[in-house]
Structures are given as structure tokens and as C-alpha cells.
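**Q** Let me see the structure of the following:
(one chain, ligands or ions: 3)
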Amino acid sequence: MTRIILIGYMGAGKTTIGKALAQELGVPFYDLDWYIETRMRRTIKQIFDEKGEEEFRRIEHNMLHEVAEFENVVVSCGGGTPCFYDNIDYMNSQAQVVYLKASPEVLYEHLQMGRRVRPLLLGKSPDEVRTFIVEQLALREPFYSKANYTLNVDLLDNFTKIQTTIENLRKILER
Ligand SMILES: Nc1ncnc2c1ncn2[C@@H]1O[C@H](COP(=O)(O)OP(=O)(O)O)[C@@H](O)[C@H]1O
Ligand SMILES: O=C(O)C1=C[C@@H](OP(=O)(O)O)[C@@H](O)[C@H](O)C1
Ligand SMILES: [Mg+2]
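**A** Ligands and ions are numbered 1, 2, ... in the order given. Below you'll find the predicted structure:
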């Protein structure tokens with residue numbers, strides 16, 4: 001059975017790398033945010049706006065339990081998933097959990113690239129976003145570092161290298 005869960009800060013590449021890895025392994029891919037959006041028929045932003053972050057975390061916790069029970073999957077989480085409830089311990093008990101580790105600078109760059117709305121960053125100036133990333137990453141690092149595996153993605157920062165990321169991931173998972 002292949003059950004791999006990718007964690008890491010917003011912009012680390014969980015969704016992008018997860019999708020490519022699943023394709024490479026020939027197993028279904030689940031992005032936890034997309035799964036929540038489909039099940040709730042609401043975007044993540046709508047859930048934050050209508051129900052607040054606390055309720056989002058409760059929904060996220062419940063949906064994590066749904067997707068983490070599928071066999072032969074790659075799952076990418078949201079950046080906050082490991083940091084609430086006992087989610088990180090649960091993930092470690094269910095799957096091979098990989099922390100995609102990136103520096104604040106690379107995270108900031110990636111966050112400029114996608115068009116995805118991230119409610120936690122809305123309404124902040126570029127400088128405020130940079131400071132927020134540094135401060136929140138420090139608070140979250142203790143959770144992320146509990147992952148079974150860590151892969152530094154700072155040096156793999158362009159699309160031609162997504163394949164290299166996948167190869168490195170496969171290597172550490174085979175260990
Ligand atoms: N290794 C990488 N190389 C190049 N671009 C990347 C890489 N990882 C992520 N990106 C880009 O950064 C943006 C955010 O990535 P995403 O997969 O949405 O991150 P996450 O799901 O961790 O928040 C996307 O536009 C993606 O194309
Ligand atoms: O870091 C966070 O708390 C969040 C990260 C997002 O996912 P990505 O990490 O895929 O952006 C999404 O779950 C939500 O906006 C909250
Ligand atoms: Mg994502």
C-alpha cells in the first residue's frame with residue numbers, strides 16, 4: 001500500500017508536487033483543500049468568511065480522517081493541517097508523511113505565482129506578508145518537523161526541477 005501525505009507551509013508546493021507524484025506513482029491524488037471544497041460545496045475562502053477559522057479547522061480535521069483512510073493515495077494537506085488537534089500524530093500513524101521544507105523567501109515567491117486565494121494572507125501588504133510568513137513558520141515548524149521525512153525544496157525551485165523533487169521524494173520514501 002502506498003499512502004503518502006505532504007505537509008508544509010503555504011506555497012511550499014504540496015498541491016503541485018503531490019499531483020505530480022501521484023501521477024508518477026499511478027495512484028489517486030487528493031488535495032485536502034479541494035476535497036473540503038467539494039464536500040462542503042464552498043470555497044476555502046467562503047468557509048473562512050462564513051464560519052470562521054475555528055470551524056474550518058474542525059471541518060479540516062474531520063475530512064483529514066476521511067482521506068487518510070483511503071489506500072494507495074497521495075494527499076496534500078493545507079499549510080495549517082498538521083498544527084491543529086492531534087492531526088500530525090494521526091497522519092504519522094496512518095501514512096508516510098513528508099514535510100516539504102522551504103525558506104520564507106522561496107515561500108513568498110511561490111505565493112506570488114499561483115492565483116489561489118489564501119484567506120490568512122488577504123488584506124496584507126507585501127511586507128506584512130513577509131513578516132507573517134517568518135513569524136507563523138516559526139510557530140508551525142515544531143509541528144512540521146514531526147513528519148516522518150523532510151525534503152528541502154529550496155534548491156528545487158523551478159518547473160523543470162519538479163521531476164527532481166519527485167525523484168528525491170521517491171528515494172527518501174524507499175529508505
Ligand atoms: N518546486 C517548485 N518549483 C516551481 N514552482 C513551484 C514549486 N513548488 C511550488 N511551485 C509554485 O508555487 C505555487 C504554490 O504552490 P502550491 O502547490 O499551491 O503550494 P501549497 O499547496 O504548498 O500551498 C504554485 O503556483 C506552484 O506552481
Ligand atoms: O496555512 C494555512 O493555514 C492554510 C493553508 C491553505 O492551504 P495551502 O497550504 O495549500 O495554501 C488552506 O488550507 C487555508 O487557506 C489555510
Ligand atoms: Mg495547496
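
**Q** how about the residues of this protein near ligand 3?
**A** The chain has residues 14-15 near ligand 3, with proximity defined as CB under 5 Å from the ion. C-beta here means a position set from N, CA and C on the backbone, and glycine is covered the same way.

**Q** can you tell me the residue of the chain closest to ligand 1?
**A** Closest residue of the chain to ligand 1, CB to the nearest ligand atom: G13 (2.6 Å).

**Q** which residues are there in the chain that come within reach of ligand 2?
**A** Counting by CB under 6 Å from any ligand atom, the chain comes close to ligand 2 at 10, 14-15, 33, 44, 78-80, 118-120.

**Q** For ChimeraX, write the selection for the buried entries among these.
**A** In ChimeraX, this line selects whichever of the residues of the chain next to ligand 2 come out buried by 16 or more other CB atoms under 10 Å:
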select :10,14,15,33,44,78,79,80,118
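
**Q** Strands of the protein, residue ranges please.
**A** Ranges of strands within the chain are 3-7, 29-31, 73-76, 96-101, 149-152, based on DSSP state E.

**Q** Rebuild those strands as a markdown table, extending it with distance to R39 and mean neighbour count.
**A** Output for the strands of the chain, formatted as a markdown table (distance: least, CB to CB, whole Å; neighbours: other CB atoms under 10 Å):
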| stretch | distance to R39 | mean neighbour count |
| --- | --- | --- |
| strand 3-7 | 18 | 26 |
| strand 29-31 | 11 | 21 |
| strand 73-76 | 14 | 26 |
| strand 96-101 | 22 | 24 |
| strand 149-152 | 28 | 16 |
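
**Q** Thought K14 was touching L107, still the case?
**A** No - taking contacts as CB atoms under 8 Å, L107 lies outside contact range of K14: 11.4 Å.

**Q** N168 is in contact with L151, isn't it?
**A** Yes - the criterion here is CB under 8 Å, and N168 meets it with L151 at 6.0 Å.

**Q** State the distance from L64 to I5.
**A** In this view, L64 and I5 are 9 Å apart by CB to CB, to the nearest Å.

**Q** OK, contacts around the residue of the chain found nearest ligand 3?
**A** Nearest residue of the chain to ligand 3: T15, at 3.4 Å (CB to the ion). For T15, the contacting residues are 31, 33, 76, by CB atoms under 8 Å, 6 or more residues apart in numbering.
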